[in-house]
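>>> Any chance you can model this:
(2 chains)
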Number of protein chains: 2
Amino acid sequence: MLPLKYVDIHMDDLVSELQTLIRQPSVSAKNEGIEECANLVQKILKNSGIKSEILRLRKGVAPIVFGEVMSKQNPSKTLMFYNHYDVQPAEPFDLWNDPPFSGTRKGNKVFGRGATDDKGEMITRIKAVEACLKTTGDVPCNIKFVIEGEEETGSAHIEDYLKKYKKKFSCDGVIWEFGYVDAKNRPIIGLGMKGLLFVELSVSESNIDAHSSLAALIKNPAWRLIDAVKTLRNTDGKILIKDWYNEVAPFSKNDLDVIRKEPFDESAFKKEFGIKSFVGNKKGMDAKKALVGGATCNIAGFVSGYTGEGAKTVLPGDALVKIDFRLIPKMVPSKQISRLKKHLKSKGFSDVKIKVFHGEAAARTDSSDPFVVQVKDAADSAFGKSILNVSNAGTGPMFPFAGILGAPCISIGSTYMFSRIHSPNEFARVDLLKKTTKCMCLIMDNFGNS
Amino acid sequence: MLPLKYVDIHMDDLVSELQTLIRQPSVSAKNEGIEECANLVQKILKNSGIKSEILRLRKGVAPIVFGEVMSKQNPSKTLMFYNHYDVQPAEPFDLWNDPPFSGTRKGNKVFGRGATDDKGEMITRIKAVEACLKTTGDVPCNIKFVIEGEEETGSAHIEDYLKKYKKKFSCDGVIWEFGYVDAKNRPIIGLGMKGLLFVELSVSESNIDAHSSLAALIKNPAWRLIDAVKTLRNTDGKILIKDWYNEVAPFSKNDLDVIRKEPFDESAFKKEFGIKSFVGNKKGMDAKKALVGGATCNIAGFVSGYTGEGAKTVLPGDALVKIDFRLIPKMVPSKQISRLKKHLKSKGFSDVKIKVFHGEAAARTDSSDPFVVQVKDAADSAFGKSILNVSNAGTGPMFPFAGILGAPCISIGSTYMFSRIHSPNEFARVDLLKKTTKCMCLIMDNFGNS
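Numbering: from 1, shown residues only, chains lettered A, B, ... in the order given. The predicted structure follows:
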């Protein structure tokens, strides 16, 4: 039997194992069921014929489930599947139609927290390897699984794990933990993720909130903070911090070609969000370039003084803004932090305090990399058609994988765009789980035989 | 017996009646005990020999207690005492050392919500009139009491009352409901109050909070609102709205003289609030002028996006700022509102929504008015020394009194600067209640015999 046929026949097993996974809550934010779920994943890997072990960094850090199958026919190339067994909290519970950890199947859908993100994705990779093993007694290339338990809280230790187990994790290509499928059932093959720098800027003036009649004399920290943040970017979205864009490489000819081909329904997008125009009045190719490769400086939160109903004449003692900068390839987070600090100082804002929460570099696989062609070919076969995307607009820990392991990373999977990940009534589509599992079989085959 | 002697002898009665008033809660914000307190005040007026009645505007509006004594010796001049019988809510209860409505006396202090603001002030006026009546069988001028029940919620109907009862309330001078006494026991004779314009500006962009990765395309309302408010004033505090200062008259020579003489301990003020310098680096006379006569544009609140702990990469759907403008004499609130609207439009911010909460004009009695000399003379006699203040930096409904009744208004009273009005453990100082009661006797005498 061919592996793809095996996938067809064993879809009920796949769904049943996905349900088993969903029924084991594993909420990293609450440290709920993490060890139990790691053990369950290990058991499922074993049942599929994949040798596995639990890796640990230290007490208090969620373990990684590591799985491995050596290829007899082609032991010279190794493909890694990166996934995670932890899930987002299921709250608010009362908005779920079925209990969030019930794994209820209704027709083509399996509902539950983690149904898609990432237990659904994970099971497609495992079942694809099982299909090869059960039908051919081998895999087309060496396979490694790195399944972590802290993705939903920011993958705080993945870099440490990658460094500690650099040799064990060595590979020639990585299939990322998720991949979107659009409304026309086309998988989006993502070649990168943007980086992120999350900071808090704050100003304190008087040691207490004062009566606003004193605004004639006491400086208002909200005004001060506004003055400071206004220097960070212009109204077209361009960041005004000195040298901010220094390391940025322009898109390659190949990348531009990929961007040009990628479908983007501007008016549907605008309708979805109820907006009339984009930042800097960008249109067409410029809008698409911004989405995949634009650096941003976004106010994620601003708070000062009285924010309740009605009027209160108060002069706030402090003001705080939360800003996320999306970083693009070759920007180095630590460098950007110093530039931000230098900027505020040079503009006379030494009184603005900076707290850095999170710094993560962008990663991008060149669209001309042979791995891209192998994945694209597999996706076209499994789904009928697919879309190449130079970079996701969001952020994930792709940089340490690409950087430490030196392997290209590609995002491809079964995550239907409207499958409500991180929201109530998250679901996986069984048809997409099947196509993705087959796609993984084809990727292994293309990769091993290239 | 002379009235001042009567005051000395009857201080225990005054304290006991103040305690009775405190023990009747009258929280206008909760409509708690309002009618009961109005009736109690009427009873106290009657006991002091003052004819009184309850005035009403309409159902749902707190009544005004009106009191009146005609002078036999001098029926041509009328002095009004404006006070209020309502109090601020007493929360948080657990921070009070004694129950807030107990009126506990400890030595020189009477504790309780309203002890000073405004039941303490009110009782000094009533007892002063009683002292004249009981010792001389007359008052030196006609006396009117206007005691309202909505001051702590913004005196929403005082203007309507003044218009409706314009004739009944007619008078030649008004003693305001409070007057501060400084740390050196000097009463501050306040000749004015600033006005206030409280507005909310808001911007909406997308119809939902979006993932911040979309900041490359979706406009951020916080940025937009920041751009808008940045046009309102410069960093020195000058308001940049066209024609904002058009109606403002410069200080008179006399006013400047009063300002020059008023003590202001800059370094103690700065120490109190933990600040190093003032808005626009103002110092000395400039700082004093700003406090009594500067127009301000203050951010009372700013909120957008995620304001909790830690990082959340969100692109807010809306942003809101609460701004209070302190107005100075001759500024007309309705004119300033149109100017603000025009300003935002002309600067290209037609998308910024404006909600107006409150508009109140400033009022100021000219420092050369004879009434000022009469009050100052009385205060110097009663307290030993006093301070003239061109205007309080805060706001109260003085404008409708001055405007509709055409009478000068002066603030003088017993409110010790650190008596915790609006806070837990509010107290009145018995020594100041006595001095203030005597001061009121002397004011009536000076006023009637001028």
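>>> does chain B sit close to stretch A:29-45?
No - Stretch A:29-45 lies out of reach of chain B by C-beta under 8 Å from any C-beta of the partner chain, never closer than 11.1 Å. From N, CA and C alone the C-beta is placed, and that goes for glycine too.
>>> buried sites along that stretch?
Buried residues in stretch A:29-45, defined by neighbour count with 16 or more other C-beta atoms under 10 Å in any protein chain shown: A:33-34, A:37-38, A:40-42, A:44-45.
>>> By average pLDDT, which secondary structure element in chain A comes out worst?
Using mean pLDDT, DSSP states H and E, the weakest-scoring helix or strand in chain A turns out to be strand A:210-211, at a mean of 86.
>>> Show me which residues of the stretch 51-200 of chain A are close to chain B?
Neighbours of chain B within the stretch 51-200 of chain A, by C-beta under 8 Å from any C-beta: A:194, A:196, A:198.
>>> related to what we said a few turns ago, can you name the residues in contact with the least confident helix or strand of chain A?
A:218, A:313-315, A:317, B:273, B:394 (C-beta atoms under 8 Å, 6 or more residues apart in numbering or on different chains).
>>> between those residues, which is closest to B:N83?
Among those, B:G394 lies closest to B:N83 (C-beta to C-beta), at 17.1 Å.
>>> which SSE is the closest one in?
Using DSSP states H and E, B:G394 maps to strand B:392-395.
>>> which other helices and strands contact that strand?
strand B:192-204, helix B:284-293 (3 or more C-beta pairs under 8 Å, 6 or more residues apart in numbering or on different chains; DSSP states H and E).
>>> Give the partner strands of that strand in its sheet and their orientations.
strand B:192-204 (parallel) (DSSP bridges).
>>> Count the residues that sit near the spatially closest residue to A:N234 that is not a sequence neighbour.
Counting by C-beta to C-beta, 6 or more residues apart in numbering or on different chains, A:N234 lies nearest to A:L240, which is 6.1 Å off, once chain neighbours are set aside. By the criterion of other C-beta atoms under 10 Å in any protein chain shown, A:L240 has 13 neighbours.
>>> What are the phi and psi values at A:L240?
Main-chain dihedrals, A:L240, degrees, to the nearest 10: phi -100, psi 10.
>>> pretty sure it contacts A:L232?
Yes - contact criterion C-beta atoms under 8 Å: A:L240 and A:L232 qualify, at 6.2 Å.
>>> and for the two, which residues touch both?
Listed as contacting both A:L240 and A:L232 by C-beta under 8 Å, 6+ apart are A:H343.
>>> quick one on the thing from earlier: buried sites along the strand holding B:G394?
Residues B:392-393, B:395 are the ones in strand B:392-395 that count as buried (16+ other C-beta under 10 Å).
>>> Convert that strand to CSV, retaining C-alpha atoms only.
Output in CSV follows, covering the C-alpha atoms of strand B:392-395 (Å, rounded to 0.1, in the frame of the first residue of the first chain):
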residue,chain,number,x,y,z
ASN,B,392,-8.6,79.9,43.0
ALA,B,393,-6.9,77.6,40.5
GLY,B,394,-10.0,75.3,40.6
THR,B,395,-13.6,75.7,39.4
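>>> what residues does the helix or strand following that strand touch?
As assigned by DSSP H and E, the chain's next helix or strand after strand B:392-395 is helix B:398-405. For helix B:398-405, the external contacting residues (C-beta under 8 Å, 6+ apart) are B:80, B:82, B:158-159, B:162-163, B:166, B:169-171, B:174, B:176, B:192-193, B:195, B:360-363, B:365, B:407-409.
>>> Narrow those to those that are buried.
Buried among those by 16+ other C-beta under 10 Å: B:80, B:82, B:158-159, B:162, B:169, B:171, B:174, B:176, B:192-193, B:195, B:360-363, B:365, B:407-409.
>>> Among those, which ones are in helices?
Mapping the buried ones among the contacts of helix B:398-405 onto helices (DSSP state H) picks out B:158-159, B:162.
>>> Can you tell me the closest non-neighbouring residue to A:T307?
Closest to A:T307 by C-beta to C-beta, 6+ apart is B:V303, at 3.9 Å.
>>> List the contacts of the one you found.
If you count contacts by C-beta under 8 Å, 6+ apart, B:V303 has them with A:302-304, A:307, B:319-320.
>>> Now distance to B:A131, pLDDT and secondary structure too, for the residues you listed, in a markdown table please.
Below are those laid out as a markdown table (distance: C-beta to C-beta, whole Å; pLDDT from 0 to 100; DSSP: H, G, I helix; E, B strand; the rest coil):
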| residue | distance to B:A131 | pLDDT | secondary structure |
| --- | --- | --- | --- |
| A:F302 | 56 | 98 | strand |
| A:V303 | 53 | 97 | strand |
| A:S304 | 50 | 96 | strand |
| A:T307 | 49 | 90 | coil |
| B:A319 | 57 | 97 | strand |
| B:L320 | 53 | 97 | strand |
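>>> could I get those as a markdown table with distance to A:A183?
Below are the contacts of B:V303 laid out as a markdown table (distance: C-beta to C-beta, whole Å):
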| residue | distance to A:A183 |
| --- | --- |
| A:F302 | 34 |
| A:V303 | 36 |
| A:S304 | 41 |
| A:T307 | 38 |
| B:A319 | 31 |
| B:L320 | 34 |
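>>> the domain parsing of chain A - what is it?
Following automatic domain parsing, one finds the domains of chain A at A:3-191+A:365-448, A:194-250+A:280-360.
>>> Reformat those domains as CSV; add distance to B:V129.
Listed next are the domains of chain A as CSV, based on distance: least, C-beta to C-beta, whole Å:
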stretch, distance to B:V129
domain A:3-191+A:365-448, 62
domain A:194-250+A:280-360, 31
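>>> Ok, which of the ones you listed comes nearest B:L433?
domain A:194-250+A:280-360 (24.3 Å).
>>> can you tell me the helix or strand for A:C37?
Secondary-structure assignment from DSSP H and E places A:C37 in helix A:34-47.
>>> Is it correct that A:P140 falls within a helix?
No - read with DSSP: H, G, I helix; E, B strand; the rest coil, A:P140 is coil and lies in no helix.
>>> Contacts only, for it.
By C-beta under 8 Å, 6+ apart, A:P140 lies in contact with A:71, A:73-74, A:132, A:444-445, A:447-449.
>>> before we move on, what about A:D209?
So A:D209 contacts A:305, A:314-317 (C-beta under 8 Å, 6+ apart).
>>> Keep only the residues you listed that also lie close to chain B.
Restricting those to those near chain B by C-beta under 8 Å from any C-beta leaves A:305, A:314-316.
>>> from the residues you listed, which ones fall inside strands?
A:305, A:314-315 (DSSP state E).
>>> Most neighbours among the residues you listed, which one?
In terms of neighbours by other C-beta under 10 Å, those top out with A:L315 at 28 neighbours.
>>> pLDDT score for that one?
What the model reports for A:L315 is a pLDDT of 93.
>>> wait, it sits on A:A215?
Yes - in this structure, A:L315 is within contact of A:A215 by C-beta under 8 Å, at 5.1 Å.
>>> joint contacts of those two?
Counting by C-beta under 8 Å, 6+ apart, the contacts common to A:L315 and A:A215 are B:N298.
>>> Now do A:D94: how many residues are near it, please.
Neighbours around A:D94, by other C-beta under 10 Å: 6.
>>> tell me the SS of it?
Counting by three-state DSSP, the backbone at A:D94 sits in helix.
>>> Roughly how far does it sit from chain B?
Going from A:D94 to chain B by C-beta to the nearest C-beta, to the nearest Å gives 20 Å.
>>> Quick one, grab the pLDDT at that residue.
pLDDT recorded at A:D94 is 89.
>>> quick one, what contacts it?
The contact partners of A:D94, by C-beta under 8 Å, 6+ apart, come to none.
>>> Please report how far it lies from B:E266.
With the distance defined as C-beta to C-beta, to the nearest Å, A:D94 ends up 57 Å from B:E266.
>>> quick one, helices of the stretch 101-250 of chain A?
Using DSSP state H, counting those that start in this stretch, the helices found in the stretch 101-250 of chain A span residues A:119-136, A:158-164, A:221-230.
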